[in-house]
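Enquirer: Sequence and predicted structure, then a few things I'm wondering about:
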Amino acid sequence: MKCSGCLIGCLQFFRLSVTSLWEWLIDHDVVPGKMMCRKCQQPAKFLFYDFSFRCWRPRIVRKGSRMVKVQCTFHQSARKGSWLGNSLSSVIDIAHFCSLWLCTSYPKTVKLKRITGFTSLTVGNWTSACRETCISWASNPARRVGGQGTVVEVAEAKFGEKRYSLGRKKDVCWVIGGIQRGSSKIFLVHVDKQGKETLRRVLSENVLPGTSVINNCSNVYGTPSEQDSEQSDENHGLQFVLSNNSDADTRNAQRMLRRLRKFVPKGRKREQFQGYLAEYVFRQAYRPKERLHHFFVEASKVGSSRGSMIA
């Protein structure tokens, strides 16, 4: 029976027995609950001690001119082809690691190494796998914010800028973020360059038609009236609201970006930036007890497409 929604915290998740944890993973489609033997086409038996499916049924096969009775030797790991596949770590350790990853603040690597006992390579590999799951979740078109009669505040922020032009050179990243008034729905997009076309593309991909948009990026992206008059059709029905004090009207979006600055580590790499943004959006979308359910549901969809895991 698939889980349609459950509330479970990190401590409660750790207290689950091996049997209960495996059943919880089956309910969330992370691992299969049943498997058919490929040789005799009968249900295989699940073994908890190594999390695999085996079949020992006797069957009759033809060898030359005689019919011989042989024993089936089908054996396959329950993790093969799943999000937990291609890993040397146990299922229990991986599930507990993901639970800790969702509730631990940065810097995570040192904390997770100390708690789980994993090596730096294992922590790095599974951290990347968790971020890829968040990226897959955030890329769903159904996550768009806004709608008819709603207001979305849009602001931008620059990450990696040196203070007083001192220190080593950092990777500078621009982020456009938006938040829907009266809800916790947000979007964050990493952009390579600024401009009107960039803003239109970001809004069309992340904001639903019929939404009133307030932004404080007029110095780079143009004023709202210019945007509305130039590209009213290409904006997919978005209405740009002209405000006398855009900084005050976008205070919720600016507050969100300030919190994002505290969330993203200082020494992050440019190619990892999108993963941090997706993780922040995922955390803001659900309460702490809802995150495990939605995370593993998305992990079941990602499956083995994330690539091989060596640790």
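Expert: Right, received. Where do you want to start?

Enquirer: need the contact list for residue 7.
Expert: Contact analysis of residue 7 by CB atoms under 8 Å, 6 or more residues apart in numbering lists 289-290, 293. To be clear about C-beta, it is placed using only N, CA and C from the backbone, and glycine gets the same treatment.

Enquirer: does it sit in a helix, a strand or a coil?
Expert: Assigned with DSSP: H, G, I helix; E, B strand; the rest coil, residue 7 falls in the coil class.

Enquirer: related to what we said a few turns ago, report the buried members of the contacts of residue 7.
Expert: Among the contacts of residue 7, those buried by neighbour count (16 or more other CB atoms under 10 Å) are residue 293.

Enquirer: and the contacts of residue 7, which of them are in strands?
Expert: Among these, no member falls in strands (criterion: DSSP state E).

Enquirer: Turn the contacts of residue 7 into CSV, columns for pLDDT and distance to residue 15.
Expert: Putting the contacts of residue 7 into CSV (pLDDT from 0 to 100; distance: CB to CB, whole Å) gives the following:
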residue, pLDDT, distance to residue 15
289, 91, 14
290, 90, 18
293, 93, 16
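
Enquirer: C-terminal to the helix or strand hosting residue 61, which secondary structure element comes first?
Expert: Secondary structure from DSSP states H and E places residue 61 in strand 58-63. Following strand 58-63 in sequence order, the next helix or strand is strand 66-71 (DSSP H and E).

Enquirer: What's the per-residue pLDDT of residue 232 here?
Expert: If you check residue 232, the pLDDT there is 45.

Enquirer: Oops, could you answer that again for residue 35 instead?
Expert: Value for residue 35, per-residue pLDDT: 86.

Enquirer: circling back to that earlier point, direction included, what does the strand holding residue 61 pair against?
Expert: Strand 58-63 pairs in its sheet with strand 66-71 (antiparallel), by DSSP bridges.

Enquirer: Distance from the chain centre to the strand it pairs with, please.
Expert: Between the centre of strand 66-71 and the centre of its chain there are 51 Å (CA atoms, centre = their mean, to the nearest Å).

Enquirer: repeat for stretch 109-123
Expert: Put simply, stretch 109-123 sits 20 Å off its chain's centre (CA atoms, centre = their mean).

Enquirer: what's next to stretch 114-128, contact-wise?
Expert: Contact with stretch 114-128 is made by 89, 93-94, 96-98, 100-101, 108-109, 112-113, 275, 309-311, as judged by CB under 8 Å, 6+ apart.

Enquirer: right, and out of the contacts of residue 7, which lies closest to residue 40?
Expert: Comparing these against residue 40 with CB to CB places residue 293 closest, at 36.2 Å.

Enquirer: Where does residue 259 sit, in terms of helix or strand?
Expert: In this assignment (DSSP H and E), residue 259 forms part of helix 251-263.

Enquirer: Sorry, wrong one. I was asking about residue 75.
Expert: Per DSSP H and E, residue 75 falls inside strand 74-77.

Enquirer: mind listing the helices for the stretch 51-200 of the chain?
Expert: All helices of the stretch 51-200 of the chain, identified by DSSP state H, counting those that start in this stretch, fall at 91-103, 108-116, 120-138, 196-206.

Enquirer: Figure out which of these is closest to residue 146.
Expert: Among these, the nearest to residue 146 by CB to CB is helix 196-206 (8.5 Å).

Enquirer: Mind giving me the packing neighbours of that closest one?
Expert: On a contact count with 3 or more CB pairs under 8 Å, 6 or more residues apart in numbering; DSSP states H and E, helix 196-206 meets strand 173-180, strand 186-191, helix 218-221, helix 224-230.

Enquirer: what sits against residue 58?
Expert: Neighbouring residues of residue 58 by CB under 8 Å, 6+ apart: 69-72.

Enquirer: just residue 303 next, same as before
Expert: When contacts are counted by CB under 8 Å, 6+ apart, residue 303 touches 81-83.

Enquirer: Is the closest residue to residue 34 other than its chain neighbours bridged to anything, and to what?
Expert: Once flanking residues are discounted, residue 34 sits nearest to residue 43: 6.1 Å by CB to CB, 6 or more residues apart in numbering. Beta-bridge partners for residue 43, by DSSP bridges, are residue 36.
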